[in-house]
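*Asks:* structure, please.
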Amino acid sequence: MQKLFIISNESIYENNSKYFCDNLDLKSTPEGLNKTFEVNIIARKSSKERSHSINIENISIYRSILTFILAVIKSTKNKDCKYLLISISPYTFVASLFLKLFGKNPIFYLRSDGHMEYKTILGFIGPIIYHIMFVISSSVSRLIGCRSHILKGKKGKVVSPSQLDTEWLSNIKNIESKNIKLLYVGRIRKEKGIFSLLKIIEGKEDIHLTIVGAENNMSKHIKQNNVILKKIENNKKKLINIYDDHKIFILPSFTEGHPMVLLEALARRRPVIIFEEIQHVIGSKKGIFISKRNYESFYGTINEILNNYKKIQEDMGQNQLNTKKQFIKDLTSYVSL
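*Replies:* Numbers count the residues shown, from 1 in each chain. Below is the predicted model:
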């Protein structure tokens, strides 16, 4: 079986020779590809606990960029192998240059628009830094993007990431509740827009928000009476039940590529509210509503959904959602070239 090295900027936590990550894509994508390739993961080492167990035997994690790059260089001793680099970051960017130097042909899998991510994190200088890395990376690597605009006109393959299976897509339940029950599932990060959302609903007792997040000690940062905090469920059935127990899903991010939680919400036919910065995620999907980042617009959007809830759910049944099986098949096909 041919070796595939997956190189990621994501942090992985080790506990008793078991490995955990927060990004579900870093768990499911290697596990899916491991059926065709002998997958080896090279990633950063985390000192903090992570949520999702990664069922891959060959995982190497490193604290510094030096030891990280040395591991990448060492991997080039394998003659017949392939390289999939997840997202462009300083770590994966430098790794791609060394791989090319040693005669390898890396592939970058871009899950989001790094220009926007870097702007959110670093300000005006962020997109400039990312653009330099993107231009150079695209000249030494093949590209896979989860949306065409992420490729910025460069030649590459567009795939539709998904974690959905028949369990997500069947036995849809409706909730009977007079309360406005909102749900957010994801990491507690500035770029995810969760703190912006909390400001919008602060003091609004008729709105109830449940946050299912990956971080521990969230209660130190979030102390609003109308907010319930839950640890992210590493159990599909429990997570599906959480979706089913809420009326509207909120995706408040400032930047997104192809968010898995959006697909999960659509699969459970929960209408979704996003903000203007990520309108591109809508595509042809039904059941996604755009709000401005203020209370008046947000509350108006909620009322629009509640007043037409049944019809919206019926329309959402027409969505054609990609499955995990098809995604892995498409990704495997391109990586194999």
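*Asks:* can you pull up the most central residue in the chain?
*Replies:* residue 259 (4.8 Å; CA atoms, centre = their mean).
*Asks:* check contacts around the residue nearest to residue 255 when sequence neighbours are not counted.
*Replies:* Taking CB to CB, 6 or more residues apart in numbering, and ignoring the residues beside it in sequence, residue 255 has residue 116 as its nearest neighbour in space, at 3.7 Å. For glycine as for every other residue, the C-beta is placed from the backbone atoms N, C-alpha and C. Residue 116 sits next to 127, 254-255, 277 when contact means CB atoms under 8 Å, 6 or more residues apart in numbering.
*Asks:* how about residue 177?
*Replies:* By CB under 8 Å, 6+ apart, the contact list for residue 177 reads residue 247.
*Asks:* give me the pLDDT for it.
*Replies:* Each residue has a pLDDT score; the one for residue 177 is 73.
*Asks:* again with residue 119
*Replies:* For residue 119, the model assigns a pLDDT of 86.
*Asks:* buried ones in the helix or strand containing it?
*Replies:* Counting by DSSP states H and E, the element that carries residue 119 is helix 114-122. Within helix 114-122, the residues that count as buried by 16 or more other CB atoms under 10 Å are 114-120.
*Asks:* what about the helices in the stretch 151-300 of the chain?
*Replies:* Listed in chain order, the helices of the stretch 151-300 of the chain (DSSP state H, counting those that start in this stretch) span residues 166-169, 194-201, 236-244, 260-267, 295-307.
*Asks:* tilt between the second one and helix 295-307?
*Replies:* Orientation check (axes from the mean of the first three to the mean of the last three CA atoms, to 10 degrees): helix 194-201 against helix 295-307 gives 80 degrees.
*Asks:* what is helix 194-201 packed up against?
*Replies:* strand 180-186, strand 207-213, helix 295-307 (3 or more CB pairs under 8 Å, 6 or more residues apart in numbering; DSSP states H and E).
*Asks:* hmm, who's touching it?
*Replies:* For helix 194-201, contacts defined as CB under 8 Å, 6+ apart pick out 182, 184, 186, 188, 207, 209, 211, 213, 222, 224, 226-227, 250, 252, 254, 275, 293-295, 298.
*Asks:* mind giving me the ChimeraX command for buried ones among these?
*Replies:* What follows is the ChimeraX syntax for the buried subset of the contacts of helix 194-201, where burial is set by 16+ other CB under 10 Å:
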select :182,184,186,188,207,209,211,213,222,226,227,250,252,254,275,293,295,298
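*Asks:* starting at the chain centroid, how far to stretch 148-158?
*Replies:* 18 Å (CA atoms, centre = their mean, to the nearest Å).
*Asks:* give the next helix or strand downstream of the helix holding residue 119.
*Replies:* Note on helix 114-122: by DSSP H and E, the next helix or strand toward the C-terminus is helix 125-140.
*Asks:* quick one: mean pLDDT over stretch 52-70.
*Replies:* Predicted confidence along stretch 52-70 averages 95 (mean pLDDT).
*Asks:* and for stretch 328-337?
*Replies:* Rounded mean pLDDT across stretch 328-337 is 95.
*Asks:* secondary structure element for residue 39?
*Replies:* Per DSSP H and E: residue 39 is located in strand 38-46.
*Asks:* show me what that strand is packed up against.
*Replies:* strand 3-15, helix 24-33, strand 58-62, helix 65-75.
*Asks:* tell me what angle the first one forms with strand 58-62.
*Replies:* In this case it means strand 3-15. 60 degrees.
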